[in-house]
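Asks: Following is a predicted model, sequence given first.
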Amino acid sequence: MQAPLGNLVPADTDSGGERQTEARAGRAHFQPCRWPPVNHCQSSPSTVVTLPALQEVQHPGMKWTEKQKRTYTGSTLPGEKKDTTSVPFPQSYSPEYVESGWYQWWEKEGFFTPEYHNKLPHAASRTFSLCIPPPNVTGTLHLGHALTVAIQDSLARWRRMLGCKVLWVPGCDHAGIATQSVVERRLLREHGKHRQDYGREEFLREVWKWKNEKGDEIYHQLRKLGASLDWSRACFTMDEGFSRAVTEAFVRLCDSGLIYRSEALVNWSCALGSAISDVEVEMKQLTGRTLLSVPGYEKRIEFGTMVTFAYPLEGVEGEVSVSTTRPETILGDVAIAVHPEDPRYKDLHGRACRHPFTERLLPIIADALVDKELGTGAVKVTPAHDHTDFLLSQRHSLPHLTVIGGDGHMTSLCGQWLEGVRRFDARERVMEALMEKKMFRGRRDHPMSLPVCSRSGDVIEPLLRKQWFVRCGEMAGKAIQAVDDGELEIIPSFYTKTWRNWLSNISDWCISRQLWWGHQIPAYRVSLPNSKNNQELWTWGRTEEEARQRAVTKFKTLPSDITLSQDTDVLDTWFSSGLFPFAMLGWPRKTPDLAQFYPNTILETGSDLIFFWVARMVMLGTELTGQLPFKQVLLHSLVRDKHGRKMSKSLGNVIDPLDVISGVSLERLQEKVKEGNLDPRETTVAMEAQRKDFPKGIPECGADAMRFALCSHKIHGEDINLSVSQVLSCRHFCNKMWQTVKFTLGALENSGSPLGTTAEISPLSSIDRWICSQLYSTVLQCERGFENYELHSVTSTLQSFWVHSLCDVYLECVKPVLAAGNGAEDGEVQRARQILFHCVSVSLALLSPFMPYLTEELWQRLQPHGGTADPSTSLCVQGYPQSSQLAHLHFPQEEAEFPLVQEVARVTRSLRAQCHMTRERPDCDILHGPSTWGLWVVCTPTQAKTLLENSPHVPSKDAISKRREKVVCTLQQLHAQTRTPKYQEKVPERVRKETENRISAMQQELKNLEDQLQALDRGGNRGP
C-alpha cells in the first residue's frame, strides 16, 4: 500500500526543537532543523501515542459557528428500537438527531436492570452495585451532578459490558429545608399565605402536591444525560419504605444509647427558624468593614469590624477593655476571660468587673483557650451565643443567658430597652449606649469569617437549644479503623489522612430540625399525672402504640396515666441520606436485593461530601447493619469554571448541563439570572459575566460530548476548570467519529464476503499489523485505566487511537486499496475491509461507556455488515473488548518501528504548511511540485524498510539543489525590493512587514536545505 506522506497525520500538529541525529545506515535520509526529537528505536511495543484529549478553543469569549440541527424523522414509536436501516445516514453529526429515541428503548428493554444479566452470553458471576448521591428533589442538575453521573455511568456501563450483574439505583432526597422554602415562597407569592396559615397537615399536602408536579424533573435530566439507572428501583427518601427505615434507625440508635437529647449550641438560621447542618453553613471571608444584605433588613448591615469597650473593675480603680465583633450580645456576657500567661492581666485573676447595663458581676477567669494576640487579649464570655464561650462555660461552670431568640429578636433578659428589637438593630443601640456611658474605646477593621446560611443568606446565630444528638465518638473510631485495616479503601489515598484527622476530632451530631417537611422524629414527650411542666420525659417507638408501651415499662405506670406528644421537629436530611446504601435495598426487611447487593461495591461522589455524607454512611451503616456500606470510596474533584472560580449564581458562571446538551441563547441565560433570587447588583455582575463568556450563548454540544469532556479531566487531585469550549471540542471529535463510520459504511457497501470475528483477523502488511497492534494496545490501556479509575487516561487513549492512528494514518493508507480501479487484489481489499470494520466496531464498544448515544447509533448501522451480533440487542449489553481476546494482534516490532513513519509524515505536513502547499496549489514547490517533492530521513535499516513500505517517496540531491537555487533567487529579489529608493516612505507598513516575514521564512528554508545537502554529503545519496 502506498500513500503520500502528507496525508498521514494532521497538518496542525505543533513543531519545535531540533533534530540532531545523523545517518549511519538505511536508505532514507532526513535532516530538518526544527522538529522535536523522537526516540523511535526505544518505543515501547505496547505504547499508544496520546495527545491531550481536549484542545481549548481560543477566545475572548467563546467563538463558535451555529450548526444546523437535524431531527430524527423516522416513524419509531417511544420505546421501540430506533430505525437505522431505512433512514438515510446524515451528512454530519447532530446531537439532537443521534440522542433521539435510544433511551426509551434501553429502558423499556430492561437493559439497565440486574435481571437482564441472565440473558447475557458473556455473563459473569460478579455483582457491581452503587447508589447515585441523591440530588435534591427541588433542584436541577448542575455540572457537579453531571460529573458524578458521567463517572458513575461510565463505571456501571463498563462493568455491565464485562458481564457483571450491575445495580445502579437512582433516588432523590426530600431536601427538607430547600423544599419547604420553595413551597413557602410559592404559597406566599400565589396565595399571600404563610405555612402557619395552613397548619402542618394542610401545608404538607401542599408540599406533596408540588413534589408530584415538579419532582420528576431531575429524573428527566438524568435520562437526558444517558444514565443507565435501574428506574424500577428508584427511591425517594420520603417514600413509605424509606421512611420505615429512617424510623427503625432512630429507634435502634436510641436503644443503644447513641442518640440522646441534650441542650447545646446549634447553627441557627433566624430566617428559616431552624437549626441547620454544618454543610449548609458557608463561611464568607471578609477582609474588613463590609456592608451585607441580611434577610428581613431594608438596609445593609456592617460586618468585619472589631469594637472595643471597657468593663469597670469591681472594688478597685481601673477597667478591662474587651474586643468583640458582636456587641449586640453584651447583654449575655457572664465573664471575662484572659490567657493565664498574659502578663497584662496576671494581677486580675479571680477579680470581677461590673456589667454596665445589668450591674451583674463578671468574674475574670484564666484559660489557655484565649488568644493573647487577638484584640486586647481579654474576651467577653457569652456561652449561649458562641461555641468557644460555651466550652469555657463548661470548664468554669458559668451560666448561659440567651439574649437572642429563634426569631432573631432580643429576649426579655435584655431589659425593656432592647426586648423585641431585631438583633442587628440592637447592635446599633448597644453602641450608642456604650458611648453614652463613656465605655466605648474604639472600632477598627477586622478580617473575619462570617457564617452564612447557604439556604437563606441569613447570618448564622449560634443558639442554645434542646435537641436530639448522635453520639459519634465510638462510631467514628470504627470508621477510622476500617480504613487503617484496609477494609475500606479511599481513592485517592491522600484523603485517608483527612479522614482520620476529621473523625478523630468529630463532635456529636445535632439531628433535630425545626421544620414541617421531613421525617418527624419518632420520639414522644411523656406527661404523667405528677410530672412538673418544666420536666422533660421522653420515649420513642416505631409507632405511637409502641412508644406508649415503652413508657409504661420505663416509668412504671399505667397506660391510662400516660399522655404522649410527638416531637414536632424533623430529622436532619443527612440522617436519612446516610441510610441510602442499604435503605434503598429494602432494609430493615431482609430482601433479596439486600442479600445480593449489600455492601455496595463502591461509593463515588464529590470530595466535598467526604464528611457530611460519606463518613455518616460509614458510621450508620456499620452500626445498623454490622457491615461497611461499601468497599471503596472514589472521590472526584470539584468542578470550577474556566477561570478556576467556584461556580456561583452571583458570578453568572453556573451552567445547567441541559443547556450544554441542547444549546441555549444568551437571552435565555440572562432570563434565568433574572428569575433567580439575586440582589440587583449581583444580577448586573452575573449578566455581564455571561455576556463576556457566552456572547452568542452556548452551542448545542450533546450529552456524549459533555460526558466525554468531563471524564477527560483527571478527577483525582486538583479541581477541574471546565470550559464549554472543551465540550465543544469533544463535539468535533463526535463528528470525526461520524465521518469515519460514514466512510467505513461506504467501503463495506459492496462487500459480499462475511467479515468474520476479531479472532479471524490475520493481517499481512506492516500497516495492517501496526493498526491491529495499536488496537490491542488501546484495549490494554483502557483495561488498566478503568481498573485504576483513571478515566482521563481511557478517554485520552481512545481519542488518540481514533484520530491519530485510525483516521490520520490507517484510513489514508487504505483509501487507495479500497478505491475502485486501484488494481489491488481482491484478498487485499477484503482484508482491508475486515480490519477497518473491526477497528471501528471495537473502538465503538470501547467508547460506549462514555458516549452511549453516539456509539449505539453508529454501532447499529455498522453491525449488519458484521453479521455476528443479534439485531435486537444493544451495544450497551455487548461484551467489552478485552486484551486477552486480541493478543494474536499484538505485533511489537511494527509498533516500535512505525512511529518513525508518523514522525516523518508529521514533519512533511509541517513543511507543506510552511511552504503554503495546498491542494489548490500543488506546484508550490517543496522540491518543485508533487511529483518530485520529498525529504530525507535519518533512520536504521529496519526503520527504512518500514518507512519505504508505507511511504516510498524518496527525494534526490539534485531536487534539493534545484530548490536551493530557487530560494536563493527569490531571496535576492526580495532584498532588492527593500533596497529601492525611499522604500520606507513609499511602501505601507503592512506590506513591509509581510516582506520581512517572507524573507525570514525563506532564510530559514535556505538553512534547512543546506543542512539537508550537508547530511547527504556525509551519508551519501542513496535515493533512487
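Replies: Nice, I can see it.
Asks: Show me where the stretch 251-400 of the chain has its strands.
Replies: Remark: strands of the stretch 251-400 of the chain, listed N- to C-terminal, are 259-269, 274-275, 281-286, 290-292, 301-303, 305-312, 319-324, 335-338, 352-354, 361-366, 378-381; assignment by DSSP state E, counting those that start in this stretch.
Asks: next one: the stretch 51-200 of the chain
Replies: In the stretch 51-200 of the chain, the segments counted as strands under DSSP E, counting those that start in this stretch are 127-131, 165-169, 171-172.
Asks: Turn these into CSV, including distance to residue 662, mean pLDDT and mean neighbour count.
Replies: Quick note: C-beta positions are derived from backbone N, CA and C, even for glycine. Written out in CSV, the entries for those read as follows (distance: least, CB to CB, whole Å; pLDDT from 0 to 100; neighbours: other CB atoms under 10 Å):
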stretch, distance to residue 662, mean pLDDT, mean neighbour count
strand 127-131, 28, 96, 23
strand 165-169, 24, 97, 25
strand 171-172, 22, 93, 24
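Asks: quick revisit: quick one, which of the strands of the stretch 251-400 of the chain is nearest to residue 771?
Replies: In terms of CB to CB, the element of the strands of the stretch 251-400 of the chain nearest to residue 771 is strand 281-286, at 53.4 Å.
Asks: ok, that closest one: who's next to it in the sheet?
Replies: Taking DSSP bridges as the criterion, strand 281-286 forms sheet pairs with strand 448-453 (antiparallel).
Asks: following the strand it pairs with, which helix or strand shows up next?
Replies: Where DSSP states H and E defines the elements, the next helix or strand beyond strand 448-453 is strand 461-470.
Asks: helices or strands next to the helix or strand just after that following strand in the packing?
Replies: For strand 461-470, the succeeding helix or strand toward the C-terminus, using DSSP H and E, is helix 473-484. Where contact means 3 or more CB pairs under 8 Å, 6 or more residues apart in numbering; DSSP states H and E, helix 473-484 is packed against helix 495-504, helix 616-625.
Asks: Would you mind finding the most buried of the ones you listed?
Replies: Scoring the helices and strands packed on helix 473-484 by mean neighbour count under mean count of other CB atoms under 10 Å gives helix 616-625 as the most buried, with a mean of 23.
Asks: What's the first helix or strand after that helix?
Replies: Taking DSSP H and E as the definition, the helix or strand that follows helix 616-625 towards the C-terminus is strand 630-636.
Asks: Now that following strand: buried residues?
Replies: 630, 632, 633, 634, 635, 636 (16 or more other CB atoms under 10 Å).
Asks: what is the mean pLDDT for it?
Replies: For strand 630-636, mean pLDDT rounds to 96.
Asks: Residues in contact with it: which ones?
Replies: Outside of strand 630-636, the residues within contact range by CB atoms under 8 Å, 6 or more residues apart in numbering are 130, 147-148, 151, 487-492, 495, 581, 599-607, 610, 614, 617, 715-716, 789.
Asks: So what's the gap between that strand and the chain middle?
Replies: The chain centroid and the centroid of strand 630-636 are separated by 15 Å, computed with CA atoms, centre = their mean, to the nearest Å.
Asks: can you give me the angle it makes with helix 495-504?
Replies: For strand 630-636 against helix 495-504, the angle by axes from the mean of the first three to the mean of the last three CA atoms, to 10 degrees is 110 degrees.
Asks: Let's see strand 630-636 as CSV, backbone CA atoms only.
Replies: Listed next in CSV are the C-alpha coordinates belonging to strand 630-636 (Å, rounded to 0.1, in the frame of the first residue of the first chain):
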residue,chain,number,x,y,z
PHE,A,630,-19.3,-0.2,50.6
LYS,A,631,-15.8,-1.5,50.0
GLN,A,632,-14.3,1.5,48.1
VAL,A,633,-14.9,5.3,48.2
LEU,A,634,-13.9,7.1,45.0
LEU,A,635,-13.8,10.8,45.4
HIS,A,636,-13.6,13.2,42.5
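Asks: Test for you: state the pLDDT assigned to residue 997.
Replies: The per-residue pLDDT reported for residue 997 equals 86.
Asks: any idea how far it is from residue 254?
Replies: In this structure, residue 997 lies at 81 Å from residue 254, with CB to CB, to the nearest Å as the measure.
Asks: can you check residue 313 too?
Replies: The spacing between residue 313 and residue 254, counted by CB to CB, is 49 Å.
Asks: And residue 727, by the same measure?
Replies: In this structure, residue 727 lies at 49 Å from residue 254, with CB to CB as the measure.
Asks: The two: which has the busier surroundings?
Replies: Neighbours were counted for residue 727 and for residue 254 using other CB atoms under 10 Å; residue 727 has more, 27 against 20.
Asks: Pretty sure that one sits in a helix.
Replies: Yes: read with DSSP: H, G, I helix; E, B strand; the rest coil, residue 727 is one of the residues of a helix.
Asks: give me every residue that touches the residue nearest to residue 457 when sequence neighbours are not counted.
Replies: In this structure, residue 457 finds its nearest non-sequential neighbour in residue 295, 5.9 Å apart by CB to CB, 6 or more residues apart in numbering. For residue 295, the contacting residues are 271, 456, 457, 458, by CB under 8 Å, 6+ apart.
Asks: before we move on, back to that, in strands, which of the contacts of strand 630-636 fall?
Replies: Residues of the contacts of strand 630-636 located in strands (DSSP state E): 130, 489, 490, 491, 600, 601, 602, 603, 604, 605, 606.
Asks: Show me the beta-bridge partners of the first one.
Replies: Beta-bridge partners recorded for residue 130 (DSSP bridges): residue 168.
Asks: if I look at it, how far off is residue 599?
Replies: In this structure, residue 130 and residue 599 are 11 Å apart, going by CB to CB.
Asks: The second one now?
Replies: As for residue 489, its distance to residue 599 is 12 Å (criterion: CB to CB).
Asks: now swap in the third one and tell me
Replies: As defined by CB to CB, residue 490 lies at a distance of 15 Å from residue 599.
Asks: more neighbours, these two?
Replies: Neighbours per residue (other CB under 10 Å) separate residue 490 from residue 599, with residue 490 holding more: 21 against 18.
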